[in-house]
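Participant: Would you be able to build a 3D model of this:
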Amino acid sequence: MFHIALFEPEIPPNTGNIMRLCVNTNSSLHLIHPLSFSLDEKRLRRAGMDYRDIAVIQEHENYKAFLNSLDVVDNIYALTIKGTRSHAQIDYKKDDIFLFGPESRGLPDEVLDSLDDDHKVRIPIMPNSRSLNLSNTAAIMVYEALRQHDYPSLG
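Facilitator: Take a look at the predicted model:
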């Protein structure tokens with residue numbers, strides 16, 4: 001139903017946790033290369049608890065290839081501390097995509113500049129805080145979208 005896209009992820013356990021999240025919420029995962037690790041890495045498998053084999057994962061050579069794989073591109077929501085809207089202010093639709101940047105630096109300006117301000121989303125945190133953990137942020141986003149749709153297919 002919903003999609004999580006990780007742009008150049010760096011930390012295997014975060015990606016493994018997000019794989020597990022996707023399996024348990026009927027979401028799909030898009031991995032935008034280059035990755036800073038191998039998908040066979042032990043730390044990723046441990047965090048994903050063997051969900052790697054049943055997760056719906058699409059790999060993309062780069063951001064342009066990711067965009068080219070989509071039917072529409074106006075349903076991408078980039079998660080960024082530069083976001084102008086809170087994650088709770090948006091009415092999410094089926095097949096919306098939540099785009100996350102690398103853990104150490106976030107999404108690059110060229111990606112953010114390609115989206116209008118309404119598609120730059122933030123999760124409110126304390127003013128002097130830098131960010132939340134990537135896998136926690138992905139869970140917050142997916143569950144907010146699922147809540148808006150009354151948790152379809154989830155028990």
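
Participant: how near is L154 to C22?
Facilitator: 13 Å (Cβ to Cβ, to the nearest Å). Placement of C-beta: from N, CA and C, glycine included.

Participant: correction: R147
Facilitator: Distance, R147 to C22, using Cβ to Cβ: 17 Å.

Participant: one step back: of L154 and C22, who's got more company?
Facilitator: Shown here are L154 and C22; by other Cβ atoms under 10 Å, C22 has more neighbours (24 against 12).

Participant: any idea where the strands of the chain begin and end?
Facilitator: For the chain, the strands defined by DSSP state E cover 3-7, 28-32, 57-60, 76-79, 85-86, 97-100, 120-122.

Participant: and the ones you listed as TSV, adding distance to R130 and mean pLDDT?
Facilitator: Shown next, in TSV, are the strands of the chain (distance: least, Cβ to Cβ, whole Å; pLDDT from 0 to 100):
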stretch	distance to R130	mean pLDDT
strand 3-7	18	98
strand 28-32	22	96
strand 57-60	27	94
strand 76-79	14	98
strand 85-86	18	95
strand 97-100	15	98
strand 120-122	13	96
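
Participant: Would you reformat those strands as JSON lines and include distance to K42 and mean neighbour count?
Facilitator: Output for those, formatted as JSON lines (distance: least, Cβ to Cβ, whole Å; neighbours: other Cβ atoms under 10 Å):
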{"stretch": "strand 3-7", "distance to K42": "19", "mean neighbour count": "23"}
{"stretch": "strand 28-32", "distance to K42": "18", "mean neighbour count": "21"}
{"stretch": "strand 57-60", "distance to K42": "18", "mean neighbour count": "15"}
{"stretch": "strand 76-79", "distance to K42": "28", "mean neighbour count": "22"}
{"stretch": "strand 85-86", "distance to K42": "37", "mean neighbour count": "13"}
{"stretch": "strand 97-100", "distance to K42": "23", "mean neighbour count": "24"}
{"stretch": "strand 120-122", "distance to K42": "33", "mean neighbour count": "20"}
